[in-house]
Structure formats: C-alpha cells, structure tokens
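1. structure for the following, please:
(chains A, B, C and D)
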Protein chains: 2
Amino acid sequence: MAGILLVEDDPSVRTGLELALTRQGHSVTAYGTGEEALDHIRARRPEIVILDVMLPGIDGVEVCRRIRKLDSLPIILLTARGDDLDVVVGLEAGADDYVVKPVEPRVLDARIRAVLRRLESASADRVTFGDLVIDRGALKVSLAGREIHLTPTELRLLLELVRHPGQVLNRRYLLRAVWDHTHVADSRLVDACVQRIRAKIEPVPADPVYIHTVRGFGYRFSPP
Amino acid sequence: MAGILLVEDDPSVRTGLELALTRQGHSVTAYGTGEEALDHIRARRPEIVILDVMLPGIDGVEVCRRIRKLDSLPIILLTARGDDLDVVVGLEAGADDYVVKPVEPRVLDARIRAVLRRLESASADRVTFGDLVIDRGALKVSLAGREIHLTPTELRLLLELVRHPGQVLNRRYLLRAVWDHTHVADSRLVDACVQRIRAKIEPVPADPVYIHTVRGFGYRFSPP
DNA sequence: CCTATTGGTCACAAGACCGTGACACCACGA
DNA sequence: TCGTGGTGTCACGGTCTTGTGACCAATAGG
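-> Now for the predicted structure:
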C-alpha cells in the first residue's frame, strides 16, 4: 500500500488529485491544512507526502521543514506556476521534488514513483564503495569489515561527500553543508577534517583512494 | 534472504523478475499457475509469496484466499496498472501489499523488505535480543528469565528504540515519539531515561550491550 | 630555479556532549 | 495526611571533539 499523504487547501484540486492517485493504485489520505497533516504524520507515517506550498495557517514550506525535523519522509512540493523563487526555498527546506500546478495526474504519479525509487535505492540505507561500507541508518562506517569510529563532524562531512559521488565540492559549500555558516570562510577547517577522515579510512592517507583533492576547487569523493 | 515464491503467468515478466530478485540476493522459485504455487506451498513453506492477480485457472485473489486459509504467509499482489477494483478485493482477500505493474525490481525488492519488516515487527508479540525478552502484548520485559520492572515511560522509550533495531534515533525524535513535543528541545530527559533503562537491563550500565550512545546523534538499540 | 599559492599536518585549549546522582514535584492510594 | 513510586530538571565532572593558527610540503607558472 502506497500511503500518500496529500495536503492541498483547494477542495476541487484536492479531490481531483486524490481520485486520480487512488485510481493509479495509491492509497491516499488528504488534508486541507498543514496542522492536520502534521498530526497525521505523528500518528501514522505515510510513505510520501505531497504538499501544496500555499496553505492557510502554516505554509507548505514550513510544514516541510517541520516534517524534516521529525523524519526523512519523501516530500514533493506543489506550487502554482511561475513562483520560481519558491524552488530554492522549497529545496532548502528539504523537499525531494518540486512540481508546478496544474499537474497531470500521470505526471505526478511518475514523479512520485521517481522520488520513491530514488529514495528506496538510497534507503537500502547502506552504500558500499570498494572496501568502504557506510550505513546511514546505523551511522556506522566500516572498512574491509572492520568498524571505523568517526566523530560526528567527520561523519557528516563524509556523508555530504558521499551524497555527491564523483562531484567536486568546494570548501565554501562544504562549510555551509556540514558546519554552520558562522565560521570564517578561509580556514583550514575543511582540510583538517578531511585529513582526519583520511587518516581513518584511507589505506595510504598521502595517496587517497576515496577522497581526492582537486587543487583550486575542493574535494571529490569517488569510488575506487 | 531465502524463499520467495513468485507466481506470474507471463513468461517474460516471470523470468525478468526472477532474475532481478535473484540478483538482489533472494532465492526465488517461480510458477506460472496458482495450482502449482499452492502445491509448492503445501510442500515447502516460502518466506513470502508474490502473486500476479491475472492468472489462468485459479486467479491470484483466489489463490491468496486459499493461502490465507492454510497459513499467515506474507503475500504481495501484482496487478496491471489501472485495475483499481482489484485493490480492495486483493486486500480483502488478505494480501499484505499491492504492487502495480510494471514494477521496478528495486521497488519490488523494497516492498518485499518492507512487508517482511512490518510483519516481523508487528506480528511477533514477543521479541528476543540475547538475554532480553520483550513481550509487547503483556508489556513485560525480562532479562535472562527474570522479569524486569520498567516504568511506563521507560517501557515506551525502550519499545521505540526496539522498533528500529540498529537505527540511530536522535533525541528530538525520541522526545516526540515517546513524550509529547511539549518539552524543551534541549534537556537531559532522554539521557536520564536511557540511564534508568540501562540500570535495569544492562549487565554493565557503563558498557552497554543493548542501548548504545552515538555521540552527537542519539541512541541506537542493537542486539548484542 | 624561484616564487606565489594552495593544501597537509599537528598540537592544544576551549567547549560540547554525555553519564550520573540528587532533588523537587506530582499523582495516587493507604 | 502521609508515604511511595514515577518523572522532569539541574548541576557537576569527565571525556571526547574540534576550531584554530602556525608551520611545512607540494604544485603551478614563469
């Protein structure tokens, strides 16, 4: 059972989507306000949340933030056409996808499946890169079968790097993603943390296999 | 993972799913008709049954009913997109989940795991972790055969931790799940309660076997 | 070969984080 | 009214983490 939680204040849109999604084989619960939705989530965890941005009372983005504080539920935001400002805000609030209204039920269904597929594959909750195994649920890292102890900051940085395999992430980005932005932009903070991680997971820290330095740009995690 | 029984009449879909599931580490037996499947079940109890609704001879829903009369096996129904009538009938017949074809093998795998997980944790009224036995029905906990008295709050917290074995749960989540969210975010409440539980169930509270502290994140219950 | 720039390494002090015990408060029943 | 068990809060102390700056090494460009 799919268990979609739909939050949309316009009754006609709400019932329309509810009907269409139900027809596509999902089990849908629909609410008109964020408060009701949050109550529902606390009681029964849905599989995915579809959330209109414009809601009376608590707005969708705020609901999204609050859900994120509770849980890592998949969230798709719905917005009226043209509100492109919202995209950034919405994704920053932790939404997994962003759909512009009016939306074809078929399209929405496809997006739902895409998000679920993406998260499902991630929610194997355990990724393997060569000898390195990272369990996101248990927050455990092991190398060649032996468990490695990482400190909270080290773990957050590693997870952030791993979230974008093959991508070069610059120091400013990492500072914002892993630390609060209250730190001086130019410091050896990121480097020092990378060094600490390397000391723990790299067979030869001086010649790293997992976390590569890209001079002038930042760091890149790439599977060996 | 052992023993999936797949029943699907379309040979190409059948072999495709069989291959994919096998690749994902399941052991799969596949049949094209309900009769064969029922025979198989009588002979060797599989761990879970994946059942196409449209079958020649006895259809999937009927097979589902008959299996239910025999046993409380987990059953996932497969149906072609758009047959929304089937959802109700299928679930009424006792299916545990319902997947619309075409289905990504990865998604199916996730659904299988979800069903198994759900049933495992929901149906077993009594779980055992090493010396620790938790009886959800009677709300009793015993350690090495001797009954342990836990207060209501302690029990709720322990059950919440046990509901997600191996997962790290942070304090905010636990505060919301076990207490009402009316409390200050930063308090030693969770810690104090964990300490009280440890004092009762851990042989050496300072070196816990069941409830592990994950510094900077929260607590993790893991079987010893 | 020299220089400027960038990244690596290290040690340490500040402070974050957690375990622990004490204690006050509350609800409830004797 | 008192006693009792359950709970939330607090303060203290020990341990672990981590930001920082100084200094060294590597690299690129001329």
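
2. what are the bridge partners for the residue lying closest to A:T29 once chain neighbours are set aside, then?
-> Using CB to CB, 6 or more residues apart in numbering or on different chains and skipping the chain neighbours, the partner closest in space to A:T29 is A:L5 (5.4 Å). In this view, the C-beta of every residue, glycine as well, is placed from N, C-alpha and C. In this structure, A:L5 bridges to A:T29, A:V49 when assessed by DSSP bridges.

3. look up how far chain B lies from A:I50.
-> 18 Å (CB to the nearest CB, to the nearest Å).

4. which ones are touching that residue?
-> For A:I50, the contact set (CB atoms under 8 Å, 6 or more residues apart in numbering or on different chains) comprises A:I4, A:L5, A:L6, A:V7, A:E8, A:L17, A:I75, A:I76, A:L78, A:L108, A:I112.

5. quick check: the gap between the residue nearest to A:T29 and DNA strand C.
-> 31 Å (CB to the nearest atom of the strand, to the nearest Å).

6. just give me the neighbour total for A:A95.
-> By other CB atoms under 10 Å in any protein chain shown, the residues close to A:A95 number 26.

7. no wait, A:R66
-> Neighbours around A:R66, by other CB under 10 Å: 16.

8. and whichever strand or helix holds it, what other elements does it pack with?
-> Applying DSSP states H and E as the criterion places A:R66 in helix A:60-70. Helix A:60-70 sits against helix A:34-43, strand A:48-52, strand A:75-80, helix A:84-92, helix B:171-178, with contacts defined as 3 or more CB pairs under 8 Å, 6 or more residues apart in numbering or on different chains; DSSP states H and E.

9. mean confidence for that helix?
-> Mean pLDDT, computed over helix A:60-70, is 77.

10. now do the buried residues in that helix.
-> Buried residues in helix A:60-70, defined by neighbour count with 16 or more other CB atoms under 10 Å in any protein chain shown: A:G60, A:V61, A:V63, A:C64, A:R66, A:I67, A:L70.

11. re the thing from before, the helices and strands packed on helix A:60-70: which one's closest to DNA strand C?
-> Of all the helices and strands packed on helix A:60-70, it is helix B:171-178 that lies closest to DNA strand C, at 6.9 Å by CB to the nearest atom of the strand.

12. now the angle from the closest one to helix A:34-43?
-> Orientation of helix B:171-178 against helix A:34-43 (axes from the mean of the first three to the mean of the last three CA atoms, to 10 degrees) gives an angle of 90 degrees.

13. output the contacting helices and strands for helix B:171-178.
-> helix A:60-70, helix B:152-163, helix B:189-201, strand B:218-221.

14. CSV for those, including distance to A:F129?
-> Shown next, in CSV, are these (distance: least, CB to CB, whole Å):
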stretch, distance to A:F129
helix A:60-70, 26
helix B:152-163, 29
helix B:189-201, 33
strand B:218-221, 23
